[in-house]
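Trainee: Task: produce atomic coordinates for the following.
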Amino acid sequence: MTRHRALGFTLMEMLVAVGVLAIALGAIIGNAARYADSAAGLRDKSIALFVARNRMAEMELSPIWPATGRTNEDVEMGGLKWTWRTEVKATPDPNLRRVDVRVEKKGDKSGTAFATLSGFISNVGKQASP
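Mentor: A predicted model of the protein is given here:
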């Protein structure tokens with residue numbers, strides 16, 4: 001009498017295969033979550049940089065030369081609320097002012113700057129600030 005061996009996998013082989021698959025899927029899902037977090041962070045940083053550039057452009061195009069000091073305002077861009085903080089400083093050249101713009105998410109308790117931008121504004125063609 002000849003014995004026929006059944007074809008297929010044993011229960012132990014199936015358990016090992018499912019275990020390896022579970023570990024691999026766990027790593028893939030973890031990497032996908034990190035990628036999504038990274039993409040969201042890059043999106044926020046990009047939008048914050050647009051906010052900073054817009055503020056700097058407003059100051060450059062204003063007919064009034066900015067006074068030294070600090071100002072801030074809340075704006076909305078990209079469906080999010082942002083706070084820009086501007087600091088205008090005197091420079092050794094009396095015809096230039098340094099402008100630092102810092103952008104934060106409104107309501108963010110950590111105070112993390114998502115974007116910072118610095119530049120110089122000349123008084124050429126501008127009126128003195130009131």
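Trainee: which element is the residue nearest the centre of the chain on?
Mentor: By CA atoms, centre = their mean, the chain has its centre lying nearest to Lys45, at 1.9 Å. Taking DSSP states H and E as the criterion, Lys45 maps to helix 11-61.
Trainee: hmm, back to that, got the contact list for the residue nearest to the centre of the chain?
Mentor: Phe114, Ala115 (CB atoms under 8 Å, 6 or more residues apart in numbering). Every residue, glycine included, has its C-beta placed from N, CA and C.
Trainee: Next one: it relative to Thr112, how far apart?
Mentor: With distances taken as CB to CB, to the nearest Å, Lys45 is found 10 Å from Thr112.
Trainee: try Leu96
Mentor: 29 Å.
Trainee: What of Ser118?
Mentor: Distance, Ser118 to Thr112, by CB to CB: 18 Å.
Trainee: Give the residue from the two that has the larger number of neighbours.
Mentor: Neighbour totals were compared for Ser118 and Thr112, and Ser118 leads with 13 against 9 (other CB atoms under 10 Å).
Trainee: What is the least confident helix or strand in this protein?
Mentor: Least confident element among the helices and strands of the chain, by mean pLDDT, DSSP states H and E: helix 11-61 (a mean of 89).
Trainee: Good, we can wrap up now.
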